[in-house]
Every structure is written in C-alpha cells, then in structure tokens.
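In: fold the following, please.
(chains A and B)
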Amino acid sequence: MASNDGAMIPKVSRFSAPPTKAGRDQERLGWVLILPTILVVLGIAIYPLLESIRLSFTNYRSSRPDRWEYIGFENYRKLLSDDVFHTAFKNTMVFTVSSVFFETVLGMIVALTIHSAFKGRGFVRTSMLVPWAIPTVVSSLLWSWMLNDSYGIVNKSLIAMGFDNFRQFSWVGNPNTALFSIVAVDVWKTTPFMALLLLAGLQVIPDDVYEASRVDGASKMQQFWQITLPLLRPALMVALVFRTMAAFRVFDIIFVMNSYNTSTMSVSVYAHRELMNNQRLGYGSAISVVIFICIAIMVVGYTRMIKVED
Amino acid sequence: MATNHLKISPEELEGIRATGGTGGARGNKPLELLGKIGFFLLILIIVFYTLFPFYWAIVSSLMPYKELVSTKLSFWPTTVTWDNYQKVFEDERFVRALGNSAMISTAVVILSLVFGTLTAYAMARLNFRGRTFFLYMILSMTMFPGIAIIGSLFQMMRRFNAYDTLWGLVIVYLSFALPFTVWVLANFFRAMPADLEQAALVDGATPMVALRQVLLPLAIPGMVTTGLLAFIEAWSEFLYARTFTISPKAKTVQIAISEFTGNSQYEQPYGVKMAAAVVVTIPLIIGVMLVQKRIIAGMTAGAVKG
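Out: Numbering: from 1, shown residues only, chains lettered A, B, ... in the order given. Below you'll find the predicted structure:
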C-alpha cells in the first residue's frame, strides 16, 4: 500500500443521518464509542499541557512546593538570554537539519535501488526493518559500544586501515565529533523508515510514464529529475515533515549516548534536566511549552498536507 | 564513497529497472557490466549498513570478555560463550524489568485495541457532530511531544499515587498508543466497502452487531498489525519510563538496560550489555518479520516511533 493511501482517508460513503430516531441513536452511539479515547486524550495530554502552560508562568520548584508565585513571562524572558538554551536550540537545529538531510538522500538511494528488480530484493527489503524495529535505547547502546574509544569496532577497523590517530579516539567524548556521531546513529536508525516511505511512493508511479519518456529519448538522469522526483513529491513532503517533527524533539538517543552533556544537549534534553534533575518545574515548563509550540506549527502543516476529510 | 554511488545510482538503477534487470537494450557492453557490478556493490553496502550493527551486537554478546577488550581486529568470535546471557538472566533487576515491560506492553495493547476499535468504528462509519474535529485531534495526538507534559504529569502522578507504578505507566502510554490505534484502524475500516454491513443493517441488525459480526472478522489482520506496532511503541518507550519510575518494581527494560553497570569498576560489561540488547530486541524483530508485509503499510500510516 502506498504511503499516502495509508495516511489519507479514502472517500467512502457513510450512512447519512437524517433527524430521525435512527439518526439520533447513531449520534449517541458515536459519542459513547469515542468517549474512552477522548477521556484519555483530555486527561493525559490536554489537561497536563494546560497545566504545563500554567506552570511556565510560575517560579515553582519541586524542592519547595509551597512557596511559589506567578511571575508572568519572566521564564520566557530568561530563556532569551540563557546561553545553555541557545546552545541546546542550536544543537537541535543542527541535529534536525543534518539527520533529516542525510536520511532523505540515503533513503532515496536505497528506495531507488530496492525499486529495481533483482534477485534477493525481498531479503533486502526485509533487512530494512531491522534498524527500525530496534528500540532507540538499544541502538544507542549498540553504537556507543561500536564507537568505544579503546575497544570499539569502528576505531579498531580504522587503525587496521592505517589511521593510527584513531587510537583511543573518543567519538562521543570529543565535543567536535559528539553531535556528528549521534546524527550518524540517528541516520542509521531512521534511513530505512524513509526508504520504505519513498519506496511506497515510487511504487504508485505508473510504468508507462517512463516508457513514454524513453520513447521521447529522455536520459535516465532526465527521467529522475523530470518524472520521478515531481511525482514523488507528495510522499517526500509527508516523510520530510514527519521526520522533522520527530528529529526536533529528539531525547532518547542523545540522553543515552551522552546524558545531559552540553556539547550534544537538545532542547528536550535541556527541558528534562531543568524539570527533573534541577527540579525547576516553572522554568523547565517554559522550555517544554516552546518545544510544543514549534511542534504544533509543524503538525498544522502536516495535517494540511494529508487530507483528513473528503 | 557515497557520492560515487549517488552518481551512478539514478541512471543505472532506472536502466536496470526499465529493462527488467537484464539491461539488454543498451549497446555498450563493458559499461553495462560495470553498471551491474556497481549495482551489486551498492546492494551489498546497503545490506552491510543495515545489518552489521545488530550482527555485531550478537557477536559481541557471544564473545568472552578477553576477546572483547583485545586490540586485535576480528569480525567473529574465536570462542563462543553463553556467559553473558547467563549473567543477564541472573540479574534480578533485569529479569524483573523484563517482566514489567511485558506486562505493561501487553496491557497497553489490549486496552488500545478494545477502545481503539470502538472509537475507530465510530470515526469511520457513524455520523455524529464533532467527528471531523475529533479526527484531527486524534491525528495531532499521534505526534504529540511527550516532553511538553512530563513536568505536570509528574505532579499529577504523585497526586494520584501513580508515580513509580506499572498501572501508572500503562495509563500514560495509552496517551500515544490509543490515538495511534484509532488512526490506523479508522483508515482500515474506511477502506472496507460500506455495503458490507449495510446489508446487515437493512436486515435489522444494530450498528454494534454489524461491527461484531461483519467488520470485526475482516479487521483482524489490521488489528494484529496495529497491536504489534503498539506493543513495539510501549516496549521501546524511554522518556516516560525514565521520568515516572524510580524503583525496580516499576522500571521497564529500557531503563534497566541503560543502567547496566559492571560487577566491578574495572570491568565494563560490554558483553553483558550486548546480550541484554539482543534479548530486548529479538522479540520485536521476530514479530516484525512475521507480519512484515502489513507492517510497512501500518507504519507509514502514522508511526509515532522516532
């Protein structure tokens, strides 16, 4: 099934509900059936969100829960001049842009490869599911071990190839390579997802479009830029926005590989440190509200891209 | 290396694809052979790239400690040992966490499927006011950033004694698993032809009977896939588990594995960590392989996994 088929709700006729008893029954049944889901959403997402927004206007600290007051936009004003927040925001942008970029380019190469017919195609396609299925914590630990300064397979291989300056080289410990290493792990983990999304998009492009352009004498390069890419645009856009949203809120991979370290800290990691480690619920909430607003803007863009109602 | 392949890939790949892999339409034989070799290499690189890290986890988990910390480069173990796995299963905290995760994930899957199926049916087949609004709300919820609410949720959980409990985590996990289940199943129901249950309704069945007797049996494959995806989400979740648990009685397996330390400060437990990593991952990989064809459609329909 194509990616957009999955994301788009196909147009299917529903029973019309005239203002009859049957219509009223249906109305009532509809509400009863959605009630549990609505309660969960209201209770565990909407209410806590409003509560976070309220907390962000206070100087609440978990260490002194009975002494707090509303301080207006003070927390947000402090964020503007907070160097750690600036670093975290910059790291998040670097992480998001570079990981989404490399995932897309690599994902495209992989998708185009798998799209062609060859023996063992099914096996390659199935193998793509492995990095995706591995929990993020596990892949972070796994790569931390592979990138280990003394015994990691990456450094051992580099030394065997003659790059002797990688002896004891700490990829995550060195601030110059730390963020880059974490991006590489994220790219490894999510490229398959991107590739499968793009592959689904490729599979709905009819073959005769290529046939026609081949008759017209278009080169393969021309075909890629003039047929494949434009027709793949909807699938590509959905994948891009979806991945950007996920990358922007990155927490697990950074936290597991490098804890609260400033050199790789993302905005989510910073929010977590302020909320939980430093017990500054007011200030931490302000950071998480900023993250929420950024994500919400992307979600609005995303829901406009995929059609919800017919 | 990558740019090199980038250059040949679109052209050569499309060429091979268009000619069904034989490349017969081209005239230039040596170039054609070169293209084929390049294509074969590209596939090898892709498979190596995706599979090597997990292969390496398995290999490391089977290596004796001495071999792990040797400076000699070797891509397979010279002696195979099960010591690391023995240590993993002797670790009470890890085994307990494994049980916690199994219970939490199972409960999340069951609750999401029960409530999710009912809600998805209403969303897909019934007419009621506010339906479109709720559909948007549920779609947005599948992308909701957990970090935005952990501060206030932490306080709520303390208040309701849900902090550091299994049931507390189950309820929190429903906030992402349930919207996801509803979204995927609603798509699934709407793709089914409406006259399926129309006939039952004409015969006097209520919508609930039509759901149970007509739609549900057809929806089982979709429910299995969705349930598996929800299981993977719950099993792999880290942020909430890290924030809302503190003691071994509620810690999930992702927390236990991230906190693995050696028996002594001199011995870093790389092998044990990798054995634990394999134990935690194998069930997911088996599950994914079993339903792999459907899973791609399911994950692209709105996967929340990052």
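
In: mind saving the C-alpha coords of stretch A:67-81 as CSV?
Out: Only the C-alpha atoms of stretch A:67-81 are listed here, as CSV (Å, rounded to 0.1, in the frame of the first residue of the first chain):
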residue,chain,number,x,y,z
ARG,A,67,6.5,28.7,48.1
TRP,A,68,5.8,29.8,44.5
GLU,A,69,4.1,32.7,42.7
TYR,A,70,3.0,33.7,39.3
ILE,A,71,5.8,35.7,37.6
GLY,A,72,4.3,36.4,34.2
PHE,A,73,6.6,36.0,31.2
GLU,A,74,9.7,36.1,33.4
ASN,A,75,10.7,32.5,32.5
TYR,A,76,10.3,33.2,28.8
ARG,A,77,12.3,36.4,29.1
LYS,A,78,15.1,34.4,30.9
LEU,A,79,15.2,31.9,28.0
LEU,A,80,16.1,34.7,25.6
SER,A,81,19.3,35.3,27.4
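
In: contacts for it?
Out: The contact list for stretch A:67-81, computed with Cβ atoms under 8 Å, 6 or more residues apart in numbering or on different chains, reads A:56-61, A:85, A:282-283, A:285-287, A:290. C-beta coordinates here come from the backbone N, C-alpha and C atoms, glycine included.

In: any of these buried? List them.
Out: Neighbour counting by 16 or more other Cβ atoms under 10 Å in any protein chain shown classes A:56-61, A:85, A:282-283, A:285-287, A:290 among the contacts of stretch A:67-81 as buried.

In: apart from its neighbours in sequence, what residue is nearest the residue in the stretch 101-250 of chain B positioned nearest to chain A?
Out: Closest approach between the stretch 101-250 of chain B and chain A, counting by Cβ to the nearest Cβ: B:Phe128, at 3.2 Å. Closest residue in space to B:Phe128, ignoring its immediate chain neighbours: A:Gly30 at 3.2 Å, by Cβ to Cβ, 6 or more residues apart in numbering or on different chains.

In: all strands of the stretch 201-310 of chain A, in order?
Out: In the stretch 201-310 of chain A, no strands are defined using DSSP state E, counting those that start in this stretch.

In: quick check: which ranges of it have low pLDDT?
Out: Confidence mapping of the stretch 201-310 of chain A against pLDDT under 70 gives the ranges A:306-310.

In: for it, which residues are neighbours of chain B?
Out: Residues of the stretch 201-310 of chain A found near chain B (Cβ under 8 Å from any Cβ of the partner chain) are A:210, A:214, A:219-221, A:223-224, A:228, A:242, A:245-247, A:249-252, A:255-256, A:268, A:271-272, A:275-276, A:281, A:284-285, A:288-289, A:291-292, A:295, A:298-299, A:302-303, A:308-309.

In: if you set the cut-off to 7 Å instead, what comes out?
Out: Proximity of the stretch 201-310 of chain A to chain B (Cβ under 7 Å from any Cβ of the partner chain) is limited to residues A:210, A:214, A:220-221, A:223-224, A:245-246, A:249, A:251-252, A:256, A:268, A:271-272, A:275-276, A:281, A:284-285, A:288-289, A:291-292, A:295, A:299, A:303, A:308-309.

In: which among these count as buried?
Out: Among these, those buried by neighbour count (16+ other Cβ under 10 Å) are A:210, A:214, A:220, A:223-224, A:245-246, A:249, A:251-252, A:256, A:268, A:271-272, A:275-276, A:281, A:284-285, A:288-289, A:291-292, A:295, A:299, A:303.

In: so which of those are in helices?
Out: Among these, the ones falling in helices (DSSP state H) are A:210, A:214, A:220, A:223, A:245-246, A:252, A:256, A:268, A:271-272, A:281, A:284-285, A:288-289, A:291-292, A:295, A:299, A:303.

In: thinking again about what came up before, is the residue of the stretch 101-250 of chain B closest to chain A in a helix, a strand, or coil?
Out: coil (DSSP: H, G, I helix; E, B strand; the rest coil).

In: is it true that it touches A:Arg28?
Out: No. Counting by Cβ atoms under 7 Å, B:Phe128 stays clear of A:Arg28, with 8.0 Å between them.

In: if we can go back for a sec, from the contacts of stretch A:67-81, pick the one nearest B:Pro269.
Out: B:Pro269 lies nearest to A:Ile287 out of the contacts of stretch A:67-81, by Cβ to Cβ, at 34.4 Å.

In: in space, what's closest to that closest one - neighbours in sequence excluded?
Out: Once flanking residues are discounted, A:Ile287 sits nearest to A:Ala271: 4.0 Å by Cβ to Cβ, 6+ apart.

In: from A:Gly284, how far out is that neighbour?
Out: 5 Å (Cβ to Cβ, to the nearest Å).

In: what residues does stretch B:154-169 touch?
Out: Residues outside stretch B:154-169 that contact it (Cβ atoms under 7 Å, 6 or more residues apart in numbering or on different chains) are A:48, B:100, B:103-104, B:171, B:240-241, B:243-247, B:250.

In: mean confidence score for it?
Out: The average of the pLDDT scores along stretch B:154-169 is 96.

In: pretty sure A:Asn61 sits in a strand.
Out: Quick fix: residue A:61 is Arg, not Asn. No. Counting by three-state DSSP, A:Arg61 falls outside a strand, being coil.

In: got the phi/psi numbers for it?
Out: In terms of degrees, to the nearest 10, the main-chain angles of A:Arg61 are phi -130, psi 140.

In: so it touches A:Leu275, yeah?
Out: No. Using Cβ under 7 Å, A:Arg61 is not in contact with A:Leu275, being 10.5 Å away.

In: which residues are common contacts for these two?
Out: A:Leu281.

In: between A:Ala271 and A:Gly284, which contacts overlap?
Out: Common neighbours of A:Ala271 and A:Gly284 (Cβ under 7 Å, 6+ apart) do not exist.

In: now A:Arg125: closest residue in space that isn't a chain neighbour?
Out: A:Arg125 sits nearest to A:Ile114 (Cβ to Cβ, 6+ apart), 5.7 Å away.

In: check which helix or strand that neighbour maps to.
Out: Here A:Ile114, judged by DSSP states H and E, is contained in helix A:83-115.

In: show me which positions of that helix end up buried.
Out: Per 16+ other Cβ under 10 Å, helix A:83-115 contains these buried residues: A:85, A:87-89, A:91-92, A:95-96, A:98-100, A:102-115.

In: more crowded one of B:Phe128 and A:Arg28?
Out: More neighbours surround B:Phe128 than the other of B:Phe128 and A:Arg28, with 20 against 12 (other Cβ atoms under 10 Å in any protein chain shown).

In: in terms of pLDDT, where does that one sit?
Out: 89.

In: quick one: least confident helix or strand in chain B?
Out: The helix or strand of chain B with the lowest confidence, counting by mean pLDDT, DSSP states H and E, is helix B:2-18 at a mean of 45.

In: for the strand or helix carrying B:Thr119, name the packing helices and strands.
Out: Following DSSP H and E, one finds B:Thr119 within helix B:92-125. Judged by 3 or more Cβ pairs under 7 Å, 6 or more residues apart in numbering or on different chains; DSSP states H and E, helix B:92-125 is in contact with helix A:21-41, helix B:166-190, helix B:216-236, helix B:253-258.

In: in CSV, list the ones you listed along with distance to A:Pro135.
Out: Formatted as CSV, the helices and strands packed on helix B:92-125 follow (distance: least, Cβ to Cβ, whole Å):
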stretch, distance to A:Pro135
helix A:21-41, 24
helix B:166-190, 14
helix B:216-236, 4
helix B:253-258, 6
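
In: tell me which of those lies nearest to A:Gly152.
Out: Ranking these by their distance to A:Gly152 (criterion: Cβ to Cβ) puts helix B:253-258 first, at 18.3 Å.

In: noted, bye for now.
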